[in-house]
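Output the structure for:
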Amino acid sequence: MAEQKSAATSALEWLAELKMREQDSAEKSWVERGRRIVKRFRDERGLMHDGARLNLLWSNIETLFPAIYARPPKAEVSRRNKDADPVARTAARILERALQYEIDQYPDFDQHVRAAILDRLLPGRGTVWIRFEQEEVSRPGDEGDDDAAPAAVPASGPVPLLGGGAASAMAGEIAGGGGMPMADMGILMPPAPQPALVPDIKERACVDYVYWEDFRHGEARQWADVPWVARRVYLTRAEGVKRFGDKFRQVTLNHQPIGMDDESARSGKLDSLKKAAVWEVWDKRTKTQLWVAEGFDGVLDERADPYGLEGFFPCPRPLYATQTSDQLTPVPDFSLYQDQADEVDLLTTRIKGLTEALKLNGAYDGSSPELARILEGADNTLIPVQNWAGLSEKGGIGGVMEWVPLREVVAALQAAWQAREQAKQGIYEITGISDIIRGATKATETATAQDIKRQFGSLRLQNRQREIAVYCTEILRIKAQLMCDIYSPETLLAMSGIDGTDDAQHAQAAMELLQSEPLREYQISVAADSLVALDEEQEKTQRMEFLQAIGGFLERAVQAAQVEPALAPLAMSMMMFAVRAFPAAKPIEADFDRFQAELQNRPPQDPNQGEQAAAQAQQQVEMAKLQQQAQADQMRMQADMQIEREKMQMQAQLEQQRAQMQADVDRQRAQLEAQRQTMLDEQKIAFDRWKAELEAATRIQIANITSQHKLDDPATQAATAEIATEVRQ
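Numbers count the residues shown, from 1 in each chain. Alright, predicted model coming up:
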């Protein structure tokens with residue numbers, strides 16, 4: 001009875017303290033201001049003034065958000081001291097891979113960190129809560145098997161490793177004594193491989209988003225002095241009974257869904273949708289975690305420090321907007337330029353009114369009603385007027401119609417536009433969002449001017465970028481502590497996949513280091529990489545820089561070791577000193593360590609071996625020079641002989657070509673001479689025949705002339721015509 005009364009007193013005290021923090025003047029004012037800012041960001045005009053608005057708050061948030069958080073972070077776990085410690089290196093790799101697995105596998109980290117950052121940019125405070133969760137792994141064939149129960153994982157504290165005799169005994173059982181006889185073939189099968197240990201419990205460190213109005217903390221000026229933190233969650237009746245037992249049936253369900261009217265609430269038809277407001281409180285003073293509910297006088301549950309975290313709280317320091325040293329209550333960023341934003345909205349409202357007034361209106365003489373349709377006609381249309389003469393006497397259309405002047409409206413509209421641009425520039429100067437970050441520039445600006453703007457804008461953003469990076473680092477450190485203290489070794493080994501790497505031989509010792517507190521903090525550091533959008537070529541550049549630096553050093557070190565072998569260990573130590581400074585060398589650092597160990601384990605050499613080696617090297621150099629000279633002389637002689645042979649071959653080819661050409665010329669000359677003689681003979685024969693025919697024709701013609709009777713047969717006529725033709729030619 002005394003314990004119940006003490007629990008009731010504790011619950012009432014905590015509910016009273018939570019209510020007092022809610023009614024604190026600074027907190028209450030901040031909550032009201034935050035609600036107005038969220039409504040303005042959402043542009044809920046029904047709840048605010050009805051004028052036109054230029055939502056610069058939404059624009060600024062959409063610009064700042066990707067500049068400070070472009071992608072989920074990557075876990076960076078490394079040794080604090082860059083020394084040759086394979087166990088610490090393996091432990092860092094196991095923890096880094098496990099953290100990165102949860103970041104990549106589960107969406108809660110990225111989604112809830114984004115929600116916390118949005119709360120930081122709007123009301124001014126963003127919070128996440130890290131919670132350990134485990135569940136049984138369901139596999140095919142497990143249904144109905146009551147005897148196969150998974151091994152329980154303790155809620156806190158180190159988990160013993162499988163090692164020594166236990167591991168050997170398990171390996172012997174799996175292997176079956178080393179061999180399996182096959183009677184039919186008379187041979188021994190090799191021992192069966194030992195399967196990897198598969199955890200029966202799925203463990204993870206969840207990242208929960210805490211709505212900015214559902215977070216409370218004790219009064220303090222600095223976060224290090226905060227005595228307690230609390231978050232509010234809403235549970236249905238079934239969820240509460242499952243979590244806290246039958247006592248939750250007495251808790252009042254005082255939270256109902258948005259949109260439920262009073263009649264539905266009284267009827268009880270939608271009671272399954274109602275929830276109870278439950279506060280989870282972490283008291284640093286007593287190292288206690290407890291749950292209390294609004295409207296319930298008792299403590300629902302109470303536990304001693306369940307996680308054993310270094311800072312006790314399961315949440316890092318929230319993301320705060322502008323703060324002063326006298327209190328933790330923040331000042332939202334929008335509050336610092338809300339007057340300028342209101343001025344922009346006022347000018348936007350006036351611009352809207354002036355734009356509506358910017359229309360063509362006028363008056364006309366009622367005696368000419370046809371003029372009312374003068375603006376309704378299509379292009380190139382004439383409007384008939386009944387009394388044109390009277391209209392002309394009045395001075396035409398200009399005398400019976402007059403338009404409302406628009407010059408003043410246009411001037412006022414231009415002045416409003418200019419004033420709004422000046423007000424926007426004032427907001428950009430306050431927030432530090434330069435025009436180069438917003439993607440706006442002018443064609444007349446030089447590259448130097450744009451670079452100055454970029455540097456100025458990035459300088460204003462660096463503080464916020466570092467704030468987000470530190471916040472994500474604190475989340476990863478809490479998750480890393482949960483992994484080291486609560487996760488089973490099988491889970492960490494399975495998540496990291498370290499058994500498939502060269503560091504598998506150090507996995508057992510690395511797990512012992514991870515579970516040794518505070519030794520692991522002395523040797524391992526957890527952090528998050530930069531969250532700003534990185535250049536895609538950065539990793540390639542780092543690797544090429546590493547290869548160039550180490551490649552050049554190796555070349556010079558080998559030359560020095562050939563002259564003085566005693567310098568080899570020193571050169572190797574210098575190289576390892578450089579290798580550990582390159583982040584890109586992490587995957588191959590084990591190879592360098594192995595090579596260094598092999599070099600150190602080599603047998604000692606003769607002290608005079610350096611001089612002998614130098615003499616041998618000098619002799620080899622001289623012999624190489626002589627060989628090169630002999631080879632050069634031999635190559636020169638061979639080249640001369642080759643040139644002479646080629647000259648003789650070319651001379652013979654020229655003589656042969658000359659003889660061939662002369663024979664071709666003689667043959668062509670003989671052919672031409674024969675052709676010419678044949679043509680002359682043919683021409684002589686043709687001439688003789690023509691001469692004979694001419695003489696015969698001449699005689700016949702003479703005979704005809706002298707004769708009284710002409711010979712006028714066809715042959716005579718043809719011969720006469722031919723003779724006449726020849727004579728004319």
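
quick one, helices of the stretch 551-700 of the chain?
For the stretch 551-700 of the chain, the helices defined by DSSP state H, counting those that start in this stretch occupy 567-579, 589-600, 609-706.

ok, now the stretch 401-550 of the chain?
407-431, 447-485, 489-496, 507-514, 519-523, 538-563.

swap in the stretch 151-300 of the chain?
Using DSSP H, counting those that start in this stretch, helices in the stretch 151-300 of the chain cover 165-175, 237-244, 262-267.

related to what we said a few turns ago, of all the helices of the stretch 551-700 of the chain, which lies closest to Val251?
Among the helices of the stretch 551-700 of the chain, the nearest to Val251 by Cβ to Cβ is helix 589-600 (56.1 Å). In this view, the C-beta of every residue, glycine as well, is placed from N, C-alpha and C.

CA atoms of the closest one as PDB?
In PDB, the C-alpha atoms belonging to helix 589-600 read as follows (Å, rounded to 0.1, in the frame of the first residue of the first chain):
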ATOM      1  CA  GLU A 589      45.700  -1.000 -44.900                       C
ATOM      2  CA  ALA A 590      45.800  -4.600 -43.700                       C
ATOM      3  CA  ASP A 591      47.900  -5.500 -46.800                       C
ATOM      4  CA  PHE A 592      50.400  -2.900 -45.900                       C
ATOM      5  CA  ASP A 593      50.500  -4.200 -42.300                       C
ATOM      6  CA  ARG A 594      51.100  -7.700 -43.500                       C
ATOM      7  CA  PHE A 595      53.900  -6.600 -45.800                       C
ATOM      8  CA  GLN A 596      55.500  -4.700 -43.000                       C
ATOM      9  CA  ALA A 597      55.400  -7.700 -40.700                       C
ATOM     10  CA  GLU A 598      56.900  -9.900 -43.400                       C
ATOM     11  CA  LEU A 599      59.700  -7.400 -43.900                       C
ATOM     12  CA  GLN A 600      60.400  -7.200 -40.200                       C
END
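
Just give me how far it sits from the chain centre.
Distance, stretch centre to chain centre, for helix 589-600: 35 Å (Cα atoms, centre = their mean, to the nearest Å).

And for stretch 368-380?
So, by Cα atoms, centre = their mean, the centroid of stretch 368-380 is 62 Å from its chain's centroid.

what's the answer for stretch 643-658, then?
71 Å.

domains of this structure?
538-600, 609-728 (automatic domain parsing).

wait, which of the ones you listed is closest to Glu512?
domain 538-600 (19.1 Å).

average pLDDT across that closest one?
Taken as a whole, domain 538-600 carries a mean pLDDT of 78.

quick one: buried residues of the helix or strand where Lys28 lies?
Here Lys28 sits within helix 25-42, counting by DSSP states H and E. Buried residues in helix 25-42, counted by 16 or more other Cβ atoms under 10 Å: Glu27, Trp30, Arg33, Gly34, Arg36, Ile37, Val38, Arg40, Phe41.

contact partners of it?
For helix 25-42, the surrounding residues in contact (Cβ atoms under 8 Å, 6 or more residues apart in numbering) are 21-22, 47-48, 55, 57-58, 61, 122-124, 212-213, 327, 329-332, 334-335.

same question, stretch 583-591
Outside stretch 583-591, the residues touching it (Cβ under 8 Å, 6+ apart) are 78, 86, 89, 93, 502-503, 539, 542-543, 545-546, 550, 579-580, 592.

Buried residues of stretch 12-21, list them for me.
Trp14, Leu15, Glu17, Leu18, Arg21.

and stretch 287-297, C-alpha only, in CSV?
As requested, the backbone C-alpha atoms of stretch 287-297 are provided in CSV (Å, rounded to 0.1, in the frame of the first residue of the first chain):
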residue,chain,number,x,y,z
LYS,A,287,19.0,7.3,-13.4
THR,A,288,15.4,6.1,-13.9
GLN,A,289,13.1,5.6,-16.9
LEU,A,290,9.3,5.9,-16.1
TRP,A,291,6.0,6.3,-17.8
VAL,A,292,3.0,8.4,-16.6
ALA,A,293,-0.3,9.1,-18.3
GLU,A,294,-2.5,12.2,-18.2
GLY,A,295,-5.6,11.4,-16.1
PHE,A,296,-4.0,8.5,-14.3
ASP,A,297,-2.6,8.8,-10.8
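
Give me the buried positions along that stretch.
Neighbour-count burial for stretch 287-297 [16+ other Cβ under 10 Å]: Thr288, Gln289, Leu290, Trp291, Val292, Ala293, Glu294, Phe296.

before we move on, what about stretch 84-101?
Buried residues in stretch 84-101 (16+ other Cβ under 10 Å): 84-101.

Filter these down to the ones in helices?
86-101 (DSSP state H).

quick one: average pLDDT of the lengthiest strand in the chain?
Longest strand in the chain by number of residues, with DSSP state E as the criterion: strand 125-136. The average pLDDT within strand 125-136 is 92.

Same question for stretch 243-260.
82.

quick one: contacts of that stretch?
Here stretch 243-260 has contacts from 234-237, 240-241, 265, 270-271, 273-278, 291, 293-296, 298, 300-301, using Cβ under 8 Å, 6+ apart.

Can you tell me which of those residues are classed as buried?
Applying 16+ other Cβ under 10 Å to these flags 235-237, 240, 265, 274-278, 291, 293-294, 296, 298, 300 as buried.

ok, these vs Leu514, which is closest?
Trp291 (30.8 Å).

Arg303 is in contact with that closest one, correct?
No. Contact criterion Cβ atoms under 8 Å: Trp291 and Arg303 do not qualify, at 9.2 Å.

Give me the common contacts of the two.
In contact with both Trp291 and Arg303: no residue, using Cβ under 8 Å, 6+ apart.

Pairing-wise in the sheet, spell out the partners of Glu136.
With beta bridges defined as DSSP bridges, Glu136 has these partners: Ile201.

surely it meets Glu203?
No. Using Cβ under 8 Å, Glu136 makes no contact with Glu203, being 10.9 Å away.

and these two? which has more neighbours close in?
Taking other Cβ atoms under 10 Å, Glu136 and Glu203 do not tie; Glu203 has more neighbours (20 against 11).

Go ahead and confirm the more buried one touches Ile486.
Yes. Look at Glu203 against Ile486 with Cβ under 8 Å: they come within range, at 7.2 Å.

if we can go back for a sec, of the helices of the stretch 551-700 of the chain, which shows the lowest average pLDDT?
Among the helices of the stretch 551-700 of the chain, helix 589-600 carries the lowest mean pLDDT (a mean of 76).

and the angle from that helix to helix 538-563?
Orientation check (axes from the mean of the first three to the mean of the last three Cα atoms, to 10 degrees): helix 589-600 against helix 538-563 gives 0 degrees.

now, among the buried ones among the contacts of stretch 243-260, which is nearest to Leu371?
Distances from Leu371 to those, taken by Cβ to Cβ, are shortest for Ala265, at 65.5 Å.

Which pLDDT value belongs to the closest one?
The model's pLDDT for Ala265 equals 55.

which residues touch the residue lying closest to Arg45 once chain neighbours are set aside?
In space, and not counting its chain neighbours, Arg45 is closest to Arg53: 7.3 Å by Cβ to Cβ, 6 or more residues apart in numbering. Residues near Arg53 by Cβ under 8 Å, 6+ apart: Asp43, Arg45, Asp345, Thr348, Thr349.

In this structure the third one contacts Arg45, no?
No. Taking Cβ under 8 Å as the definition, Asp345 is not a contact partner of Arg45, at 10.9 Å.

Compare neighbour counts for these two and give me the winner.
Asp345 (21 against 13).

residues touching that one, list them.
With Cβ under 8 Å, 6+ apart, Asp345 has these contacts: His49, Gly51, Ala52, Arg53, Leu54.

Can you get me the centre-to-centre distance for the helix or strand hosting it and its chain?
According to DSSP H and E, Asp345 maps onto helix 338-357. Relative to its chain's centre, helix 338-357 lies at 39 Å (Cα atoms, centre = their mean).
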